[in-house]
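> coords please:
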Amino acid sequence: ALKNLELRLGADYSHIDVVYPSYLTLAEYNNDVTQKSNSYYPSTHQVFKTSSVSAGTTYDINDMLSFKVDASHEHKTSDYVSSSAIYSYNYNSIKTSLDYVSDTLSLTLGYDGFYGDRTQTGNKTTKNNNAVFLMSEFYLGKNTFKAGYRFEHVSYEYKETAKDLKRSDSLHGVELGYNYSLNKQSSVFINYSHSYEAPIIDAFFKTDYTKSPSVTSFNNFIEPMKANNYTIGYNNFQTNNKFKISLYYIDLKDEIYLHPSDFKNTNIDKSHKYGLDLYDKYLINKKFN
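As a prediction, the model looks like this:
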């Protein structure tokens with residue numbers, strides 16, 4: 001029975017002690033890149049520690065059905081020595097899925113959970129995510145259809161001595177795709193997805209570097225980013241060459257970005273991205289490509 005069972009365990013620890021010097025002018029850089037900066041902003045000294053443990057298992061119920069679960073805990077501390085600012089993070093996450101695979105259908109039903117907090121002197125911020133998702137692929141001759149849906153509820157809370165702020169959002173993700181095989185080597189595809197990105201906890205804070213030492217404070221909650229993604233492309237896989245080309249267009253709402261003048265995260269109401277992706281891999285022989 002154990003041949004159908006896989007167990008996973010992991011742990012890691014890292015300690016980083018680094019000094020970020022302030023910027024040099026172009027003339028200073030060209031003259032001596034190792035010199036000390038004369039800028040108004042001081043160097044930043046950070047000691048960063050992180051440790052995590054994880055565990056998971058996969059059980060093959062039969063040839064077509066399997067169950068998977070992974071969980072992890074991560075603890076981080078970030079100490080900005082020069083400003084006496086210490087931040088502590090605790091992240092707990094779990095992901096489970098039930099997978100079904102046959103000659104004509106691939107189906108995944110799952111759950112994602114994330115529970116995290118950020119603590120510094122005088123305040124604490126939490127973020128909780130709960131999501132369910134369904135992804136499917138149907139294989140009908142030369143045609144492959146993909147359809148998926150994800151629902152996520154995310155909640156935030158910021159607490160300090162005289163303040164208790166809360167926010168929650170319900171987010172929806174959709175993916176629809178179609179692939180047609182022209183022959184054994186080539187295919188064309190089209191894909192649409194509605195995606196989102198919920199802000200990380202650190203995005204709600206801003207740092208005032210004009211003060212010495214610098215001061216970090218709660219800015220405000222910001223909107224989740226949402227996007228409509230459109231892609232059309234062509235694949236050609238030969239024995240010794242793999243070629244892909246695709247055109248994409250992304251229509252974004254509330255894109256998250258860091259404002260350069262006051263170092264705080266905020267949203268752009270509307271933005272657009274478009275481009276061309278090219279990929280080619282040529283296999284010269286068994287050793288080189």
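
> What are the boundaries of the helices in the protein?
With helices called from DSSP state H, the chain shows them at 26-31.

> Report the beta-bridge partner residues of the residue nearest the centre of it.
The chain has residue 197 as the residue nearest its centroid, 8.2 Å off, counting by CA atoms, centre = their mean. Taking DSSP bridges as the rule, residue 197 bridges to residue 225.

> Give me the distance between the nearest residue to residue 275 once chain neighbours are set aside and residue 193.
Closest residue to residue 275 in three dimensions, ignoring its sequence neighbours and counting by CB to CB, 6 or more residues apart in numbering: residue 248, at 6.0 Å. Any C-beta I mention is one placed from the backbone N, CA and C, and that applies to glycine too. The gap separating residue 248 from residue 193 is 11 Å, by CB to CB, to the nearest Å.

> okay, and the common contacts of those two?
With contacts taken as CB atoms under 8 Å, 6 or more residues apart in numbering, the residues that reach both residue 248 and residue 193 are residue 229.

> that older thread, list the residues that contact the residue nearest to the centre of the chain.
Residues in contact with residue 197 (CB under 8 Å, 6+ apart) are 224, 225, 256.

> Which one of those is nearest to residue 31?
Among these, residue 256 lies closest to residue 31 (CB to CB), at 37.9 Å.

> OK, contacts around that closest one?
Taking CB under 8 Å, 6+ apart as the criterion, residue 256 is in contact with 197, 199, 203, 222, 225, 265, 266, 267.

> count of neighbours near the residue nearest to the second one when sequence neighbours are not counted?
The shortest distance from residue 199 to any non-neighbouring residue, by CB to CB, 6+ apart, is to residue 222 (5.4 Å). Burial of residue 222 is recorded as 17 neighbouring residues (other CB atoms under 10 Å).

> What of residue 189?
Neighbour count of residue 189, defined by other CB under 10 Å: 18.

> same deal with the one 4 residues further on?
A total of 17 residues lie near residue 193 under the criterion other CB under 10 Å.

> Tell me what the closest residue to it other than its chain neighbours is bridged to.
Leaving aside its chain neighbours, residue 193 sits nearest to residue 175 (4.3 Å; criterion: CB to CB, 6+ apart). For residue 175, the beta-bridge partners are residue 148, residue 193 (DSSP bridges).

> Also residue 110?
Taking DSSP bridges, one obtains residue 97, residue 133 as the residues bridged to residue 110.

> count of neighbours near the residue nearest to residue 193?
Around residue 175 there are 18 residues (other CB under 10 Å).

> That one contacts residue 192, correct?
Yes - in this structure, residue 175 is within contact of residue 192 by CB atoms under 8 Å, at 7.4 Å.

> can you list residues touching both of those two?
Residues touching both residue 175 and residue 192 do not exist when contact is defined as CB under 8 Å, 6+ apart.

> pull the CA atoms of stretch 102-110 into CSV?
Extracted in CSV, the C-alpha atoms of stretch 102-110 (Å, rounded to 0.1, in the frame of the first residue of the first chain):
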residue,chain,number,x,y,z
SER,A,102,-8.0,10.1,-17.9
ASP,A,103,-7.5,9.9,-21.6
THR,A,104,-10.2,12.5,-22.2
LEU,A,105,-10.4,14.6,-19.1
SER,A,106,-8.1,16.2,-16.5
LEU,A,107,-9.7,17.7,-13.4
THR,A,108,-8.4,19.4,-10.3
LEU,A,109,-10.5,20.5,-7.3
GLY,A,110,-8.6,22.3,-4.5
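
> And it, what's buried?
For stretch 102-110, burial by neighbour count (16 or more other CB atoms under 10 Å) applies to 106, 107, 108, 110.

> Out of these, flag the one nearest to residue 141.
residue 106 (15.7 Å).

> does the closest one really touch residue 134, like I thought?
No - when contacts are counted by CB under 8 Å, residue 106 is not listed as touching residue 134 (11.7 Å).

> Contact partners for residue 43?
19, 20, 21, 22, 37, 82.

> In the residues you listed, find the pair that's most separated.
With distances taken as CB to CB, the most widely separated pair in these is 37 and 82, at 13.8 Å.
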